[in-house]
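S.K.: sequence first, then the predicted structure:
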Amino acid sequence: MDKIFQQQKEFQYLIGQPTHFITPYEKIRACNIQVRRAIDELNEAIREMPYDLSGYGKSKKVYSFDDAKVIGELVDAQLFIINALNILGINSNEFEQQCVNKQYKNQYRFESNQRFRPIKDDHLIVIEGPDGVGKTAVCELLSMKLGYSIMRMPDISIDKDIELYSQFYRRTINKIKEPLILDRFYPSSIVYGQFFNRSVLLDDLQGLINNRGVFTFIITSDQPYRSDSFIDSDQWKHINDIYLQQAKLNKWTIINNNTSLENCVQKILEKLRF
């Protein structure tokens, strides 16, 4: 974990430095890379922790939630990056590509579609659904239409790291003050928790969600557009059914993606109209 803390210090140091020797774009990208690397390192460290032989057996690993504080700080830094991009009016995905090519021009910005002005200035659009239904493509097209940045869920194993997810949800809802598209969010914990027979208690999030404009869309289709080697077709259908059940219980909006990506996104935009 020493390496993780060292990386934290590095990007915190970078954030606080004068910008006479580095452009704002390069500075934000450098922070972004540091955060991503640190999160990857933390996840790897968790996977490599020794097995707990007392009480849980060899099937579960030791996990100290002191480490959750570390990833919490990393999430804070990631939210800082997203907010910085929003303030600059830059789409995060396009920005990442331009950084790779070392091009930093205003022509890569997306303008917001005024016909779909958000109900609240700080609202969150959550795109959910089973694997392979086109969630990421939907997020990217929505981002182009609305000019919002996209934030993807960190890669944390749901079967043992529920607390990290919960912390991520709270920090995201509390700290992000700009419109944002979320590629997966708390519905994944509910659905996959039910699928894996894990207890997921996120009731305390409801108050936070009610105070924010959180619009949750469940993308569904008759079958996945891409295959997933981790689950078979029966498991996929089961997960899809759970999403539909939870959508009815939680009043999430179901969007069918059986026709085209453009039609799917258009349905979402219609729901976001005044």
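M.R.: Received the coordinates, thanks. Numbering: from 1, shown residues only.
S.K.: drop to CA atoms for contacts and neighbour counts, all remaining ones
M.R.: OK.
S.K.: now the helices for the stretch 151-274 of the chain?
M.R.: For the stretch 151-274 of the chain, the helices defined by DSSP state H, counting those that start in this stretch cover 162-175, 186-195, 205-210, 233-250, 261-272.
S.K.: need the ones you listed in a markdown table with mean pLDDT, can you?
M.R.: As requested, the helices of the stretch 151-274 of the chain are arranged in a markdown table below (pLDDT from 0 to 100):
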| stretch | mean pLDDT |
| --- | --- |
| helix 162-175 | 69 |
| helix 186-195 | 82 |
| helix 205-210 | 67 |
| helix 233-250 | 90 |
| helix 261-272 | 90 |
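S.K.: distance check, Lys267 against Phe195.
M.R.: 28 Å (Cα to Cα, to the nearest Å).
S.K.: wait, what's in contact with Leu244?
M.R.: Shown in contact with Leu244 (Cα atoms under 8 Å, 6 or more residues apart in numbering): Ile218, Ile254.
S.K.: how about the one 10 residues further on?
M.R.: Ile254 makes contact with Phe217, Ile218, Ile219, Thr220, Leu244, Ala247 under the criterion Cα under 8 Å, 6+ apart.
S.K.: closest to Thr136 among those residues?
M.R.: Nearest to Thr136 among the contacts of Ile254: Ile219, at 10.5 Å, using Cα to Cα.
S.K.: was I right to think that closest one contacts Glu128?
M.R.: Yes. Judged on Cα atoms under 8 Å, Ile219 makes contact with Glu128 at a distance of 5.9 Å.
S.K.: sorry, back to before: how about the helices of the stretch 151-274 of the chain, which one is nearest Glu140?
M.R.: Within the helices of the stretch 151-274 of the chain, the stretch nearest Glu140 is helix 261-272; the backing value is 9.9 Å (Cα to Cα).
S.K.: sketch out the low-pLDDT regions of the stretch 1-150 of the chain for me.
M.R.: 1-122 (pLDDT under 70).
S.K.: hang on, the earlier thing: now do the shared contacts for Ile219 and Glu128.
M.R.: The overlap between the contact sets of Ile219 and Glu128 (Cα under 8 Å, 6+ apart) consists of Lys135.
S.K.: okay, the helices of the stretch 151-274 of the chain in TSV with distance to Cys139 next?
M.R.: What follows is the helices of the stretch 151-274 of the chain, written out as TSV (distance: least, Cα to Cα, whole Å):
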stretch	distance to Cys139
helix 162-175	17
helix 186-195	16
helix 205-210	20
helix 233-250	18
helix 261-272	9
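S.K.: ok, which of those comes nearest Met144?
M.R.: Nearest to Met144, of all these, is helix 261-272, at 10.7 Å by Cα to Cα.
S.K.: who does the closest one touch, helix- and strand-wise?
M.R.: helix 135-146, strand 253-256 (3 or more Cα pairs under 8 Å, 6 or more residues apart in numbering; DSSP states H and E).
S.K.: out of the ones you listed, which gets nearest to Val191?
M.R.: Among those, if distance is taken as Cα to Cα, the winner is strand 253-256, at 14.5 Å.
S.K.: what is the longest strand along the chain packed up against?
M.R.: Within the chain, and with DSSP state E defining each element, the longest strand by residue count is strand 214-220. Secondary-structure packing of strand 214-220 (3+ Cα pairs under 8 Å, 6+ apart): strand 124-128, helix 233-250, strand 253-256.
S.K.: skipping its backbone neighbours, what lies nearest Pro130 in space?
M.R.: With sequence-adjacent residues excluded and distances taken as Cα to Cα, 6 or more residues apart in numbering, Pro130 is closest to Asn240, at 5.7 Å.
S.K.: nice, that's everything, thank you.
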